[in-house]
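*Asks:* generate a structure from the sequence data that follows.
(one chain, ligands or ions: 1)
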Amino acid sequence: MSLRLEGVTVAYGRGAARTTVLDGLDLEFAPGVLTALTGPSGSGKSTLLAVAGALLRPDAGRVLLDGEDVAPLGDARRARVRRERIGYLFQSGNLLPGLTALDQVLTMAHVARRRPARYRDRAAAALDAVGLAHRRGHRPEQLSGGERQRVALARALVLEPSLLLVDEPTAAVDRAQAGELAALLADCAGRRGCTAVVATHDPAVTEAAGRVVALAA
Ligand SMILES: Nc1ncnc2c1ncn2[C@@H]1O[C@H](COP(=O)(O)OP(=O)(O)OP(=O)(O)O)[C@@H](O)[C@H]1O
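*Replies:* Residues are numbered from 1 along each chain as shown. Take a look at the predicted model:
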């Protein structure tokens, strides 16, 4: 899916405390490419991901997914866009305590409003694709930081989103795992043809990316 931001402006706060974080931003992201979004802390990387992912409405500008502006859509339609077309992976992975790796991925069947039994094979294949077939019965506390992030990546990919948005995925993993995760993200974009954007401070991720976009402070 192509993603284009046109004149995107986001400000937080009111009155004297109002701060403009994104100011008329124009950017385009192509399918099949992992783009690393860099820039100093506070430059708006997470804000850009939230806007692109239809989680935050911009104050001005257009957010075009395959040419359709999702910014003005109502809440129900934006929720549907998120559910059907976008995968998210955040810094901590946000796995649910007590659930096995396979069940973490299967939670997406509920998001897709399908019976989990019909998704077992797909969930297993998604875990296999991130190299965790042998960990499918493990719960989060039995997994390393990098493995937890890979489970979260499998969960983000199981519904085959055409846009993958990732925020600081390697913040809590060791260097070797960071490299593996970065390679997996690049491979996901290349092999699946999805548009992938990752906000990061990590050189391991920028090196794996096909393109780097730096936001100014
Ligand atoms: N909900 C909010 N209300 C008020 N200000 C906010 C809110 N969310 C973010 N900000 C401010 O907007 C600016 C940009 O935040 P954002 O999280 O997008 O930056 P970032 O580039 O992702 O930073 P980091 O690299 O530290 O994660 C920061 O100054 C932050 O304090």
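
*Asks:* tell me how many other residues surround residue 173.
*Replies:* 22 (other Cβ atoms under 10 Å). The way it works is simple: take the backbone N, C-alpha and C, and place the C-beta from them, glycine included.

*Asks:* also residue 16?
*Replies:* Neighbours of residue 16 under the rule other Cβ under 10 Å: 5.

*Asks:* for it, give me phi and psi.
*Replies:* Main-chain dihedrals, residue 16, degrees, to the nearest 10: phi -70, psi -20.

*Asks:* quick check: it vs residue 59, distance?
*Replies:* Per Cβ to Cβ, to the nearest Å, residue 16 is found 17 Å from residue 59.

*Asks:* for residue 58, phi and psi?
*Replies:* The phi/psi pair for residue 58 (degrees, to the nearest 10) reads phi -70, psi 160.

*Asks:* tell me, how many residues neighbour it?
*Replies:* When neighbours are counted by other Cβ under 10 Å, residue 58 comes out with 22.

*Asks:* quick check: it touching residue 10?
*Replies:* Yes: using Cβ atoms under 8 Å, residue 58 is in contact with residue 10, at 5.3 Å.

*Asks:* quick check: neighbours shared by those two?
*Replies:* Shared contacts of residue 58 and residue 10, defined by Cβ atoms under 8 Å, 6 or more residues apart in numbering, comprise 22, 51.

*Asks:* check the secondary structure at residue 201 for me.
*Replies:* Following DSSP: H, G, I helix; E, B strand; the rest coil, we place residue 201 in the coil state.

*Asks:* you'd agree residue 138 is up against residue 100?
*Replies:* Yes: in this structure, residue 138 is within contact of residue 100 by Cβ under 8 Å, at 6.4 Å.

*Asks:* which residues of this protein lie near the ligand?
*Replies:* For the chain, the residues in contact with the ligand (Cβ under 6 Å from any ligand atom) are 12, 13, 21, 39, 41, 42, 43, 44, 45, 46, 47, 199.

*Asks:* ok, and the closest non-adjacent residue to the second one?
*Replies:* If you skip the residues right next to it in sequence, residue 13 has residue 19 as its closest partner in space, 5.7 Å away by Cβ to Cβ, 6 or more residues apart in numbering.

*Asks:* does the residue positioned nearest the centre of the chain lie in a helix or a strand, and which?
*Replies:* In the chain, the centroid-proximal residue (Cα atoms, centre = their mean) is residue 165; its distance is 2.3 Å. In this structure, residue 165 is located in strand 163-167 according to DSSP states H and E.

*Asks:* export that strand as CSV, just CAs?
*Replies:* Extracted C-alpha coordinates of strand 163-167, given in CSV (Å, rounded to 0.1, in the frame of the first residue of the first chain):
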residue,chain,number,x,y,z
LEU,A,163,1.2,-1.2,6.0
LEU,A,164,3.4,-2.1,9.0
LEU,A,165,4.2,0.6,11.5
VAL,A,166,7.0,0.0,14.1
ASP,A,167,8.1,2.1,17.0
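
*Asks:* which helices and strands does the helix or strand that it is followed by pack with?
*Replies:* Sequence-wise, the next helix or strand downstream of strand 163-167 (DSSP H and E) is helix 175-192. When contacts are defined as 3 or more Cβ pairs under 8 Å, 6 or more residues apart in numbering; DSSP states H and E, helix 175-192 sits against strand 34-38, helix 145-157, strand 163-167, strand 195-199, helix 203-208.
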